[in-house]
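A.B. asks: give me coordinates for this.
(chains A and B)
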Amino acid sequence: ADVIATARWTNQRRAALSQRKEAYAYMPAVSKGDGMRGLAVFISDIRNCKSKEAEIKRINKELANIRSKFKGDKALDGYSKKKYVCKLLFIFLLGHDIDFGHMEAVNLLSSNKYTEKQIGYLFISVLVNSNSELIRLINNAIKNDLSSRNPTFMCLALHCIANVGSREMAEAFASEIPRILVAGDTMDSVKQSAALCLLRLYKTSPDLVLMGEWTSRVVHLLNDQHMGVVTAAISLITCLSQKNPDEFKTCVSLAVSRLSRIVSSASTDLQDYTYYFVPAPWLSCKLLRLLQCYPPPEDGAVKGRLVECLETILNKAQEPPKSKKVQHSNAKNAILFEAISLIIHYDSEPNLLVRACNQLGQFLQHRETNLRYLALESMCTLASSEFSHEAVKTHIETVINALKTERDVSVRQRAADLLYAMCDRSNAKQIVAEMLSYLETADYSIREEMVLKVAILAEKYAVDYSWYVDTILNLIRIAGDYVSEEVWYRVIQIVINRDDVQGYAAKTVFEALQAPACHENMVKVGGYILGEFGNLIAGDPRSSPLVQFNLLHSKFHLCSVPTRALLLSAYIKFINLFPETKATIQEVLRCDSQIRNSDVELQQRAVEYLKLSSIASTDVLATVLEEMPPFPERESSILAKLKKKKGPGAVSVPELDDKREGGELNGGGDRGPDTASTPSPSADLLGIRSAAPIGATPTSTGSLLVDVFSEAGPAAPSAAVNDDGFLRFVCKNNGVLFENQLLQIGIKSEYRQNLGRMYLFYGNKTSVQFASFTTTVSCPGELQSHILSTKPVEPLVEGGAQIQQVLNIECLTDFSEAPLLNIKFRYGGALQNLSLKLPVTINKFFQPTEMTSHDFFQRWKQLSQPQQEAQKIFKANHGMDTEVLKAKLLGLGTALLDDVDPNPENYVCAGVIQTKGQQVGCLLRLEPNGQAQMYRLTLRCSKDSVSMRLCELLAQQF
Amino acid sequence: MIKAILIFNNHGKPRLSKFYEHYSEDTEQQIIRETFHLVSKRDENVCNFLEGGMLIGGSDYRLIYRHYATLYFVFCVDSSESELGILDLIQVFVETLDKCFENVCELDLIFHVDKVHNILAEMVMGGMVLETNMNEIITQVDSQNKMEKSEQSP
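C.D. replies: Modelled structure (predicted):
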């Protein structure tokens, strides 16, 4: 077994072999071999086709031939059927659609000949068809084979179930398979197949696979004599343990003793399961994985034995190899890496953790790329353990070197991940510098992620903020294209909030802008920062106001519209900061390319700024264009972006040590330094700020401005949907849905059966008219609830006035997405755009149902399918006052049933949701736990989706 | 879990495709093409693991492959599998093919797709590993061959 194919499969040898086989073996061999000459000829024909067209032509000819054979009057014998089905398989592999032959394949299943049966099953497995008629026939054949007591046939049938794994099959066989698996007289090979077959059914239909009585016997398969049975069973047990850890926890001690027997065996003890001198590597890995489903064993003896195993595995890594073959070291290291994963998972044995770290450190410099890759990856998780973080840090030079020199991008990516994970205050400067210099040559595929990581580390570990500013400006310089808005918003937020860095930032950005070609993101940051703090460097004649202005304006014509808009705002700020630039800037604003710009936004800014600068007194100008007030501290939106990019849990983000409490309600975390959450031309950093105060708050102070921003947040064009108000209306029908500085929206609503009516009141809180006031209601996704608005609202809403709109609602079927209300209007020239979720929720269509305790529990039992139930356990958000709870549950629309639950603390409710098409019965049970301040909420409904939705809605109410 | 096992040659021609999760035929072909594109552009002697393509599930899945002369053997697996373990499994698969076909080459796979499927089925079932012992696998395959022979000579 030691002579392997790798050596033989060298290119030269292969070519020679192919020729030999082609010349001598293939064509003659098939005629005396399995005799399917027709198949071999067909395949050869295809291979000889000179063009894709010829191939398609040949295939179509063959398909027509087979079709006619299948349809022909003459009954085909098993052999011919087999031949044609083989041809179809081959055609399918070439990427052609096969839409017939399924029936013939099903017929082959009932053949008594193994070869015919086998090819029938193969066809079904490769070309699964959810055609239920066919599944019934297939199931019949499977049933026969399972009861045939012929192990070969049984295995074929089990394979088919495991491959197709449809619900129908689970229904038919889920109760049968566990019996086969644990029966004393079942052959080992059948047991193996039965274990994996059951696993597949459990994955597709967990509700149908009831392990109860089999649990202990299945766990004991870990002790089976036959290693193949253990190999198959362990996959099943691992999956079941993940889902039901308590029921299967006896597997821990069994797994430990099995592992210990393997690890301590000599390389020849396990005979065929020894792979290149390593005893049962695959099974060892799987045992170590199974143990990772559980915390460290509590039983001292078991734990001692396991620690001994892990130590043995670590020791073996230091022994000289028993073979020079790569397979030997592969197998050995596969076990080693799993052992290290388990050690990291336990995170409780400092001694083992440090040994693991040292072992990985050795691998970091191993000549095998695979090992370097895996070592970098394992170390990433090790870096977050307090016991080994310092040990990981000692490898920093090696990892930096890997980032610089690895040839394989996937390895470099792991190195970058590890640097990120091992970063702390002590090495942040070094790591950030290395990452920055790597960025200059980094692969495009990982640049964006690298940029985010650098930005996060720079902010998190910034001791002096000048370093932070340098880093981010470097980031923009090196990889400007990959710097997302979040990153440059963030640097501006921080500069605005920290006055010790403002002068430095102005100076640095001024210098960065000197470069002949600088990235547009640099211009944005430059425009913003100089507009705010240019005065701090204006004393130096080399950066006098006019020099600053000319520098910015020299970039103007190269920039996109949003950046130009931002620059115009910076210019008007200059007029305020440096009166001496007023004439020059007015000149620029006045020129045709600005004041008659074809872009409305730019033109409007030019006109307004020009006017503002000419008519406003210095005082007014100074107030309107005052320095930006500090931003409320909020969590970095960059982090959110990285998480989103990598998927939850996919990246180990270093813990943010300084928790930032975002004080505001409208989820500012996702937003930039102001309302510019979207890259819309009019939503740049200064635009809204200067627009809002002009009409509304001429005497505004700094703090008031902030309020305007955070309140007017959703007013930015195509603003994020605001759903703060939404959840407050689940259990009530009337109240104020939304309010900001400008607008208040109240609602009143009533519901009967599947119909509802909602009155919306729009109140203008300002003294200025709203123009072009329009509202639209849309139902996202499919039209699930039907909304008719009686008539559009008046386009003008006078200052202080309130207008009313009526919506008629009809619930067609159950739904989960709420309808959206979009409001647009002009206020003082600025377009306001607001999106709100209308509080139309499925529970509004409840009819309360009174019932007795007996009836309730009878229905409760009837709704016992797992999908019909939705359950949530959650912390109380409000006080657990009985009367408040009762009022909420009544507001929900259900009947609150007394004397039903044996525990008087619990609440039970019942109701029927009326939709146009159907009625959905719902039962609810809320179990408060006053001590733990927790609730358990259980819903059972006759429709699965309703249980889910109600559970989501209600879990946030109490 | 193993999500798919693909074998294709240096030109991207599929020689075996086995999906353990249901995809439409179109998607299957696209996955094969995407995987070939990802794997074939890699140098020899780089590491044998990479993140899966978009179609197969992106970075939650890993492609583990070996390149033997004219053929790529690619396993797409989720995070529950050991990378090195899968490499060994590929090796067992290839060695088994080599034993069953006596010096296996690409042509064997072309002309005996059904046999290759059968051999694979003795190792992997429904995406999970059934047997890793080569001798056991070969014993099973041999007994099938015997049955086949006996049925052909009535």
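A.B. asks: strands of the stretch 251-400 of chain A, residue ranges please.
C.D. replies: A:274-275, A:278-279 (DSSP state E, counting those that start in this stretch).
A.B. asks: look at A:Leu254 and say how many residues are nearby.
C.D. replies: Using other CB atoms under 10 Å in any protein chain shown, A:Leu254 has 18 other residues around it. Where C-beta positions appear, they are placed from N, C-alpha and C, glycine not excepted.
A.B. asks: skip the chain neighbours and tell me the closest residue to it.
C.D. replies: In space, and not counting its chain neighbours, A:Leu254 is closest to A:Leu222: 4.3 Å by CB to CB, 6 or more residues apart in numbering or on different chains.
A.B. asks: find me the pLDDT at residue 72, would you?
C.D. replies: If you meant another chain, say so; for now it's chain A. With respect to pLDDT, A:Gly72 scores 77.
A.B. asks: let's do chain B instead
C.D. replies: Note for B:Tyr72: predicted pLDDT of 95.
A.B. asks: who's in contact with it?
C.D. replies: Counting by CB atoms under 8 Å, 6 or more residues apart in numbering or on different chains, B:Tyr72 makes contact with B:6-10, B:36, B:39-40, B:65-66.
A.B. asks: look at it and give its secondary structure.
C.D. replies: With DSSP: H, G, I helix; E, B strand; the rest coil as the basis, B:Tyr72 sits in strand.
A.B. asks: low-scoring stretches of chain A, by residue?
C.D. replies: Along chain A, the parts satisfying pLDDT under 70 run over A:1-35, A:128-132, A:267-269, A:633-636, A:644-724, A:780-791.
A.B. asks: thinking again about what came up before, how about the contacts of B:Tyr72 in a markdown table, adding neighbour count, secondary structure and distance to chain A?
C.D. replies: Output for these, formatted as a markdown table (neighbours: other CB atoms under 10 Å in any protein chain shown; DSSP: H, G, I helix; E, B strand; the rest coil; distance: CB to the nearest CB, whole Å):
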| residue | neighbour count | secondary structure | distance to chain A |
| --- | --- | --- | --- |
| B:Leu6 | 24 | strand | 11 |
| B:Ile7 | 25 | strand | 10 |
| B:Phe8 | 22 | strand | 10 |
| B:Asn9 | 17 | strand | 11 |
| B:Asn10 | 14 | coil | 10 |
| B:Phe36 | 21 | helix | 12 |
| B:Val39 | 20 | helix | 12 |
| B:Ser40 | 15 | helix | 15 |
| B:Tyr65 | 23 | strand | 11 |
| B:Arg66 | 17 | strand | 8 |
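A.B. asks: about what we covered before: for the strands of the stretch 251-400 of chain A, which one sits closest to chain B?
C.D. replies: strand A:274-275 (6.4 Å; CB to the nearest CB).
A.B. asks: still on that earlier bit, checking the residue nearest to A:Leu254 next. Helix, strand or coil?
C.D. replies: Reduced to three states with three-state DSSP, the structure at A:Leu222 is helix.
A.B. asks: thought it was touching A:Ala233?
C.D. replies: Yes. Contact criterion CB atoms under 8 Å: A:Leu222 and A:Ala233 qualify, at 6.7 Å.
A.B. asks: and these two? Which one has more around it.
C.D. replies: Legend: neighbour count by other CB under 10 Å for A:Leu222 and A:Ala233, higher for A:Ala233 (27 against 23).
A.B. asks: element containing the more buried one?
C.D. replies: Taking DSSP states H and E as the criterion, A:Ala233 maps to helix A:227-243.
A.B. asks: that helix close to chain B?
C.D. replies: Yes. Part of helix A:227-243 sits near chain B under the criterion CB under 8 Å from any CB of the partner chain, namely A:227-228, A:231-232, A:235, A:238.
A.B. asks: what about stretch B:119-131, start to end distance?
C.D. replies: For stretch B:119-131, the first-to-last residue distance is 11 Å (CA to CA, to the nearest Å).
A.B. asks: what's in contact with that stretch?
C.D. replies: By CB under 8 Å, 6+ apart, stretch B:119-131 touches A:158-159, A:162-163, A:165, A:192-193, A:196-197, A:199-200, A:228, A:231-232, A:235, A:282, B:1-3, B:5, B:16, B:18, B:20-21, B:89, B:92-93, B:96-97, B:100, B:132, B:137, B:140-141.
A.B. asks: pretty sure A:Pro819 contacts A:Leu838?
C.D. replies: Yes. Contact between A:Pro819 and A:Leu838 holds when scored by CB under 8 Å: they sit 4.7 Å apart.
A.B. asks: please enumerate the shared neighbours of those two.
C.D. replies: The contact sets of A:Pro819 and A:Leu838 overlap at A:Val777 (CB under 8 Å, 6+ apart).
A.B. asks: neighbour count for those two, which is higher?
C.D. replies: Per other CB under 10 Å, whichever of A:Pro819 and A:Leu838 has more neighbours is A:Leu838, with 25 against 22.
A.B. asks: that one contacts A:Ala818, correct?
C.D. replies: Yes. Applying CB under 8 Å, one finds A:Leu838 in contact with A:Ala818, separated by 5.8 Å.
A.B. asks: where along the stretch 801-950 of chain A do the helices fall?
C.D. replies: Secondary structure of the stretch 801-950 of chain A by DSSP state H, counting those that start in this stretch: the helices cover A:853-862, A:882-892, A:944-954.
A.B. asks: how close does B:Asp60 get to B:Cys76?
C.D. replies: Distance, B:Asp60 to B:Cys76, using CB to CB, to the nearest Å: 11 Å.
A.B. asks: ah, wrong one, I meant A:Ser437
C.D. replies: 35 Å.
A.B. asks: what do you get for A:Ile842?
C.D. replies: Distance of A:Ile842 to B:Cys76, given as CB to CB: 40 Å.
A.B. asks: got the residue ranges for the strands in chain B?
C.D. replies: Remark: strands assigned in chain B by DSSP state E are B:2-9, B:14-19, B:49-51, B:62-68, B:71-77, B:124-125, B:128-129.
A.B. asks: compute the number of surrounding residues for A:Glu397.
C.D. replies: Look at A:Glu397: counted by other CB under 10 Å, it has 9 neighbours.
A.B. asks: check which residues of the helix holding A:Ala233 are buried.
C.D. replies: A:227-241 (16 or more other CB atoms under 10 Å in any protein chain shown).
A.B. asks: same check, this time on stretch A:139-155
C.D. replies: Residues A:139, A:141-142, A:145-146, A:151-155 are the ones in stretch A:139-155 that count as buried (16+ other CB under 10 Å).
A.B. asks: please list which of those are also close to chain B.
C.D. replies: Restricting these to those near chain B by CB under 8 Å from any CB leaves A:Thr152.
A.B. asks: go ahead and confirm A:Lys641 touches A:Leu452.
C.D. replies: Yes. Using CB under 8 Å, A:Lys641 makes contact with A:Leu452 at a distance of 6.1 Å.
A.B. asks: who's more crowded, those two?
C.D. replies: More crowded of A:Lys641 and A:Leu452, by other CB under 10 Å: A:Leu452, with 26 against 20.
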